[in-house]
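Peer 1: build me a structure from this.
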Amino acid sequence: MKQTRRAHLAMLGGTAAAAMLPAAVKADGHATTHEVQMLNADPENRRERNVFNPPVIKVNVGDTVKFVNADRGHNAQVDEDMLPDGGTEFRGRINEEIEVTFEADGTYGYYCQPHRALGMVGLVLVGDASVNFEDAKSARQRGKAAARYEEYFAMAEEMMAEDASAES
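Peer 2: Numbers count the residues shown, from 1 in each chain. Here you go, the predicted model:
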């Protein structure tokens with residue numbers, strides 16, 4: 001059976017989320033720090049180069065995402081065209097690990113500046129990610145970034161649908 005890229009990414013995202021769950025859940029309800037790795041190659045599919053792992057992450061308002069420079073030559077910075085009103089702007093330097101605390105609901109697109117055209121992009125879904133989801137989804141992208149964002153927005157929609165069904 002041939003596995004599609006979308007199915008693979010969904011599985012990878014689920015695996016990464018499950019792996020982070022024990023560290024991410026705190027009994028006291030305080031903010032949590034989540035990790036996103038900046039990688040030269042996907043650990044599950046070495047042919048997929050220049051990736052964030054996980055590529056889509058859902059966090060609560062007040063949580064922090066730490067962008068870990070697992071491989072050199074990368075950074076993480078917000079795509080200003082995919083920034084919700086009142087959203088947190090960030091721009092790390094090359095080879096710099098940064099921590100970003102998200103204080104506003106919304107969908108945040110981000111990328112690695114030197115590898116954006118090669119598709120090194122990702123999404124952070126904060127709280128009610130729907131507040132700017134469609135605007136972020138319609139932001140103009142080029143090259144491989146456009147194709148990867150298309151896949152990641154599909155993953156995000158699935159995650160948001162799962163959350164909505166869990167709440168009802």
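Peer 1: which stretches of the chain form helices?
Peer 2: Listed in chain order, the helices found in the chain under DSSP state H are 5-24, 133-137, 143-167.
Peer 1: okay, buried residues for the second one please.
Peer 2: What it means is helix 133-137. 133, 136-137 (16 or more other C-beta atoms under 10 Å). Yep, even glycine has a C-beta here, placed from its N, CA and C like the rest.
Peer 1: looking at those residues, which is nearest Ala166?
Peer 2: Taking C-beta to C-beta as the measure, Phe133 is the one of the buried residues of helix 133-137 closest to Ala166, at 18.0 Å.
Peer 1: for Ser168, see how far away the nearest residue to Val51 once chain neighbours are set aside is.
Peer 2: Once flanking residues are discounted, Val51 sits nearest to Asp42: 4.9 Å by C-beta to C-beta, 6 or more residues apart in numbering. To Ser168, Asp42 is 34 Å away according to C-beta to C-beta, to the nearest Å.
Peer 1: name all residues that make contact with the residue nearest to Val51.
Peer 2: 12, 48-49, 51, 53 (C-beta atoms under 8 Å, 6 or more residues apart in numbering).
Peer 1: will you turn those residues into TSV that also has neighbour count and distance to Ala154?
Peer 2: Output for the contacts of Asp42, formatted as TSV (neighbours: other C-beta atoms under 10 Å; distance: C-beta to C-beta, whole Å):
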residue	neighbour count	distance to Ala154
Leu12	21	14
Glu48	19	16
Arg49	15	21
Val51	28	16
Asn53	22	17
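Peer 1: got these as a markdown table, with pLDDT and distance to Asp81 columns?
Peer 2: Below are the contacts of Asp42 laid out as a markdown table (pLDDT from 0 to 100; distance: C-beta to C-beta, whole Å):
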| residue | pLDDT | distance to Asp81 |
| --- | --- | --- |
| Leu12 | 49 | 26 |
| Glu48 | 90 | 24 |
| Arg49 | 95 | 24 |
| Val51 | 97 | 21 |
| Asn53 | 97 | 23 |
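Peer 1: now the residues you listed in TSV, with distance to Thr32?
Peer 2: Output for the contacts of Asp42, formatted as TSV (distance: C-beta to C-beta, whole Å):
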residue	distance to Thr32
Leu12	21
Glu48	27
Arg49	30
Val51	23
Asn53	18
